[in-house]
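Q: Requesting a structural model of the entry that follows:
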Amino acid sequence: MWKVALILIFTLVTVPVVCFYYDDPITILQGEALVTLLWVYGIASFLCFIVSSITDNYSQVDKLWSIMPIPYLWILVHYSDYNPRLILMAILVTTWGIRLSLNFARRGGYSIKFWTGEEDYRWSILRAKPGFEQKWKWILFNLFFISFYQMGLVLLTTLPALRVLGNHSEMGFFDVVLAVIILGLIFIEYLADQQQFDYQSVKYAQLKEDKVDPFYKIGFVHSGLWAYMRHPNYMAEQAIWMVFYFYSVIATGYWINWTITGGLLLVLLFKGSSDFSESISTEKYPEYKRYQNSVGRFLPIKGRFSADKK
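A: The predicted model follows:
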């Protein structure tokens, strides 16, 4: 995990610098807006670190993952004097954020005592891994990776909107096309999360009654979208922000600009996150290895998984 974290941090530093060299410099207005966003990011990251350290609950960033992009976008809308393209982008991000926040809430992620709530089970497993035996190592990991890196990634994914700031070209056909694609991906993410939630709800209800059907005895969701992709929700999440990036392409005319960093880092993060999750699932569920061999990770490129096949 340390290697993955170092690769991600290295990419976070180098990719923006390289892309920025080939891009137009940011304007004074964009610079002022970026400073405001960085202040919000810094305060949120620091609070996540302090609260997680005090409470020993390391899902504080998870609570804000779907929330922070919303104020980031509306701050940029305000700086733009309510540019129509940025308003559209902010509405899309708000729709995405509300949907994802509601899904996180129903899984117990939020609580009236905001510092509590269900912690992602992977953090406790990760803390038990070799390399985190000494507490100071976990404190540094929490500070630099969990708190500041992940919150920084949330900010970076929204920064294509910064490149739109100050651009006064009229909205057109491609703006609408991107919006429709993003809304479609949000629906796919909703459908995948709903299928996951329904499966796990029934599974745990049957486990309580000690009467588990073979379909749920497998242990992991493997029907619907999940029969074709092992992580359809992750696929949609990555695709949403990669498509979001193309608003900056429309505004600037550059196919590649430095704000692509957020989308690229998100892909790397989900690759590492899914690797870790699948290593746990392989140990827990005997059928998961066959599932891996039968179904693509993020794309439906291998075929359909059938629980009846042996």
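Q: Output the below-cut-off pLDDT ranges for the stretch 101-250 of the chain.
A: 115, 120-121 (pLDDT under 70).
Q: how about a cut-off of 90?
A: 105-150, 166-172, 207-217, 219 (pLDDT under 90).
Q: if I look at residue 171, how far off is residue 179?
A: Distance, residue 171 to residue 179, by Cβ to Cβ, to the nearest Å: 10 Å. Glycine gets a C-beta too; all of them are placed from N, C-alpha and C.
Q: which stretches of the stretch 101-250 of the chain form strands?
A: Using DSSP state E, counting those that start in this stretch, no strands are found in the stretch 101-250 of the chain.
Q: higher neighbour count, residue 171 and residue 179?
A: residue 179 (18 against 14; other Cβ atoms under 10 Å).
Q: gap between that one and residue 302?
A: 31 Å.
Q: Next: residue 105.
A: Counting by Cβ to Cβ - residue 105 and residue 302 are separated by 34 Å.
Q: How about residue 302: what's its closest non-neighbour residue?
A: Excluding the flanking residues, the one nearest residue 302 by Cβ to Cβ, 6 or more residues apart in numbering is residue 296, at 4.7 Å.
Q: just residue 206 next, same as before
A: residue 212 (4.5 Å).
Q: What is the burial count for that neighbour?
A: Using other Cβ under 10 Å, residue 212 has 17 neighbouring residues.
Q: Looks like it contacts residue 203 (just checking).
A: Yes. Residue 212 lies in contact with residue 203 (Cβ atoms under 8 Å); the separation is 7.2 Å.
Q: returning to that earlier point: can you list residues touching both of residue 171 and residue 179?
A: Common neighbours of residue 171 and residue 179 (criterion: Cβ atoms under 8 Å, 6 or more residues apart in numbering): residue 88.
Q: Tell me where the stretch 151-300 of the chain has helices.
A: Using DSSP state H, counting those that start in this stretch, the helices of the stretch 151-300 of the chain run over 160-164, 173-209, 214-217, 232-252, 261-284, 288-294.
Q: Which other helices and strands does the longest one contact?
A: So that's helix 173-209. helix 84-106, helix 214-217, helix 232-252 (3 or more Cβ pairs under 8 Å, 6 or more residues apart in numbering; DSSP states H and E).
Q: and the ones you listed, which is most packed in?
A: helix 232-252 (a mean of 22; mean count of other Cβ atoms under 10 Å).
Q: For residue 74, list the residues it contacts.
A: Contacts of residue 74 (Cβ under 8 Å, 6+ apart): 90, 94.
Q: element containing it?
A: helix 69-79 (DSSP states H and E).
Q: for that helix, what is the average pLDDT?
A: Taken as a whole, helix 69-79 has an average pLDDT of 97.
Q: which residue is nearest the middle of this structure?
A: By Cα atoms, centre = their mean, the mean C-alpha position of the chain lies nearest to residue 237, the distance being 6.1 Å.
Q: For that residue, list the residues it contacts.
A: Contacts of residue 237 (Cβ under 8 Å, 6+ apart): 189, 266, 270.
Q: again with residue 146
A: 48-49, 52, 58, 61, 123.
Q: from those residues, which is closest to residue 156?
A: Checking the contacts of residue 146 against residue 156 by Cβ to Cβ gives residue 61 as the nearest, at 14.0 Å.
Q: hmm, back to that, and the helix holding residue 74, how far out from the chain's middle?
A: In terms of Cα atoms, centre = their mean, to the nearest Å, the centre of helix 69-79 is set 19 Å apart from its chain centre.
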